[in-house]
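# have a look at this prediction, sequence included:
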Amino acid sequence: MPHDAHAKGSKERAWPLFRSLASWSLPADLMAGLTLAAIAIPEQMATARLGGFAPQIGFFAFMAGSLGFALLGGNRFLSCGADSTITPIFAGGLAALAATGSPDYQGLAIALALMVGVMMMAGGAFRLGGIANLLSVPVMVGFLAGISVHIIVSQLPGVLGLPSPSGPTLDRVGVLAAEIGRSNPFTLCIGFGVLAVVFISERISAKIPGALIGLVAATLATIALGLESRGVNVVGSVPGTLPRPTFPDLAPELWVRLVPLAFVITVVVMVQTAATTRSFPSDPDKPADVDRDFLGAGAGSVLSGLFGAFPVNASPPRTGIVAETGGQSQLAGLAAAAIVLALLAFGTGLLQHVPDAALGGILLFVAMRIIRVKQIATIYRQSPSEFLLIVATAALIIVLPIQQGAFLGIVLSLLHGIWSTTRAKLVEFERVPGTTIWWPAHPHIEGERINGVAVIGLQAPLSFLNAPGFRSDVTKVLGTATPQLLVLEASGMVEIDFTAAQILLDVFKACGEQGVTVALARLESVRAQDAFERFRLFDALPRENVFHSVDEAVRKLAKDDHKFTPSS
């Protein structure tokens, strides 16, 4: 083993915990941590309010997420904490079980954080990174669009200075539209002013802490102009309490009722964590260790629950800030958490005059940012059918209670995957003239065939979903082409399940009864090779009829001396 590879392997083994600190650089990480704190402080306050929690609970979540991920995660840049993507989902689910802001609501949130954390850590420990693929891109885009509508509708009353209406989302939109003429002009100016500051700052550079600038400016204006007396609501007293170990005292049936919500939140966190760690890899030359980062995000949620907060999630924007400002390790996240801790211990008096509308303006910007307009337009142009998935998912999230809509969004994504698999059809192959290459037949590409030889393939995993259709298509080929040799080009069959194996056995036996020789070419997938062994498919297909290429199979087994005819 080369010396540098050995050193790298030893270094990795030496960091079973805090592996993400292995490349730390004190000056660079402290500067990145300072910038991260400036971005995170207003954002975490706003996200906590979005979920119905006091601002300091958002700080608890950020500190827990940063510490937990640094402890067990692998990515050097990833920032974990309170996140506006999952907050509306669990807030809606918890509100169905307890009054928002009540002690029972807080206890349920703590229990949910613990459950999500355990599920995430189990996913990492058992290397279930593939779960992150449960949401297809169109479904995820529609999901985020629906979440953004919920955020906008929930924050507009605070930005407009109006009472917050209750009921379904569409009903609340109608009430707000009817009451918009009664908006408080001072509140409105603060909310949209902060939104403008954040938007402009982001356009200039993501490194500019626009949210903090807007929050400070709005707070100073509220104090200087006495706007509290003019109907501008403020955060009020923020207790300078520090997180302390806590555990919810819930009845067993409430834990059980939280399981579906915990599963939905876990899937969303897995998807976002995987996307974040792949977008900002620790080492561009190595694949992202998604499973390790599931452990880190899970540890963050467990600590968040023990700190008395709610589930946490990876944040792509904050992670980007750490990477862009020169952060070298999770020391940047720990430095930001230390700054937040210092604010909690000594500076909560600075937060009591922060206008609610300023936090609302920040969340309006977050809602606008998570709507992927360019991606929606691209999918609309390139795949209209998948654009309908965006619309359907967004509609489910908006119209239904949000936790139910999120669950149905996951189901819709799975159904889309199943539908795509069942659409796989048998493909007939032809030889490219003048070569030994066999290629799928195409009406606009000239190809050649051999009399008495049929070359077929399925360019998808062969499973219970498409195996019956495969058998039907093979039967049609045998009936119309009446071949003497049937070559199955298996390069696309990367997986074969039990049901599909039984159908393959039936096909092989039917061919034998009709006097048709069967050959197998390009069985490249290790899993498919293993399936042939496990399901004893070689009992029906002689091993000498397995070849590395179609051309080899045809040369060895065809009986008409390769008389090619152009395809019609």
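The structure has been received and is ready for your questions.

# going forward, measure contacts and count neighbours with C-alpha atoms only.
OK.

# separation between the most centrally placed residue in the chain and Leu462?
Nearest residue to the geometric centre of the chain (C-alpha atoms, centre = their mean): Val271, 1.8 Å. The gap separating Val271 from Leu462 is 26 Å, by C-alpha to C-alpha, to the nearest Å.

# equivalent analysis for Ala357, please.
Using C-alpha to C-alpha, Ala357 is found at 55 Å from Leu462.

# so these two - more neighbours on which side?
Higher neighbour count among Ala357 and Leu462: Ala357, with 33 against 28, using other C-alpha atoms under 10 Å.

# do you know how far that one is from Val340?
For Ala357 relative to Val340 (C-alpha to C-alpha), the value is 22 Å.

# you'd agree Gly434 is in a strand?
No - counting by DSSP: H, G, I helix; E, B strand; the rest coil, one finds Gly434 to be coil, located in no strand.

# okay, now it: neighbour count?
Neighbours around Gly434, by other C-alpha under 10 Å: 8.

# over to it: give its phi and psi.
phi 80, psi 10 (degrees, to the nearest 10).

# let's have the chain start at 828 instead
OK, 828 is where the count begins now, so the last one is Gly1261.

# next, the contact list for it, please.
Going by C-alpha atoms under 8 Å, 6 or more residues apart in numbering, Gly1261 touches no other residue.

# any stretches of the protein with poor pLDDT?
Low-confidence segments of the chain, defined by pLDDT under 70: 828-842, 1386-1395.

# how about the strands in it?
Assigned by DSSP state E, the strands in the chain fall at 906-908, 1140-1142, 1253-1258, 1265-1267, 1275-1277, 1280-1285, 1312-1316, 1344-1348, 1373-1374, 1391-1393.

# quick check, Lys1034 in contact with Thr862.
Yes - here Lys1034 lies in contact with Thr862, judged by C-alpha atoms under 8 Å, at a distance of 7.2 Å.

# intersection of neighbour lists for these two?
What both Lys1034 and Thr862 touch, as defined by C-alpha under 8 Å, 6+ apart, is the set Ile1148, Thr1152.

# now for the nearest residue to Thr1263 once chain neighbours are set aside: which residues touch it?
Residue nearest to Thr1263 in three dimensions, not counting chain neighbours: Asp1378, with 5.8 Å by C-alpha to C-alpha, 6 or more residues apart in numbering. By C-alpha under 8 Å, 6+ apart, Asp1378 lies in contact with Thr1263, Ile1264, Trp1265.

# let's see it at 10 Å
The contact partners of Asp1378, by C-alpha atoms under 10 Å, 6 or more residues apart in numbering, come to Arg1258, Thr1262, Thr1263, Ile1264, Trp1265, Val1314, Ala1348.

# which of the residues you listed are buried?
Neighbour counting with 16 or more other C-alpha atoms under 10 Å marks Arg1258, Trp1265, Val1314, Ala1348 as buried within the contacts of Asp1378.

# nearest residue to Ala1033 in space, please, no chain neighbours.
Leaving aside its sequence neighbours, Ala1033 sits nearest to Ile1148 (C-alpha to C-alpha, 6+ apart; 7.0 Å).

# give me the distance between the one you found and Cys1016.
Using C-alpha to C-alpha, Ile1148 is found at 28 Å from Cys1016.

# and Gly1132, by the same measure?
In this structure, Gly1132 and Cys1016 are 37 Å apart, going by C-alpha to C-alpha.

# those two: which has the busier surroundings?
Neighbours per residue (other C-alpha under 10 Å) separate Gly1132 from Cys1016, with Gly1132 holding more: 32 against 17.

# which residue, other than its chain neighbours, is closest to that one?
Nearest residue to Gly1132, sequence neighbours excluded (C-alpha to C-alpha, 6+ apart): Ile937, at 4.4 Å.

# check contacts around the one you found.
931, 1073-1076, 1128-1138.

# just the buried residues of those residues.
Buried among the contacts of Ile937 (16+ other C-alpha under 10 Å): 931, 1075, 1128-1138.

# nearest to Arg1382, of those?
Lowest distance from Arg1382 to the buried ones among the contacts of Ile937 (C-alpha to C-alpha) belongs to Ser1128, with 60.9 Å.

# quick one: the closest one from Asp1116, how far?
Per C-alpha to C-alpha, Ser1128 is found 19 Å from Asp1116.

# Gly1187 too?
For Gly1187, the distance to Asp1116 equals 36 Å [C-alpha to C-alpha].

# again, but for Thr1263
Distance from Thr1263 to Asp1116, counting by C-alpha to C-alpha: 41 Å.

# Ala949 now?
Relative to Asp1116, Ala949 is positioned 15 Å away (C-alpha to C-alpha).

# the two: which is more packed in?
Asp1116 (19 against 16).

# quick check: end-to-end length of stretch 1260-1268?
In stretch 1260-1268, first residue to last residue: 12 Å (C-alpha to C-alpha).

# so what's the gap between it and the chain middle?
Centroid displacement of stretch 1260-1268 relative to its chain, using C-alpha atoms, centre = their mean, to the nearest Å, is 40 Å.

# residues touching Pro1310, list them.
Contacts here follow C-alpha under 10 Å, 6+ apart; on that basis Pro1310 touches Ile1277, Asn1278, Gly1279, Val1280, Ala1281, Val1282, Val1304, Cys1338, Gln1341, Gly1342, Val1343, Thr1344.
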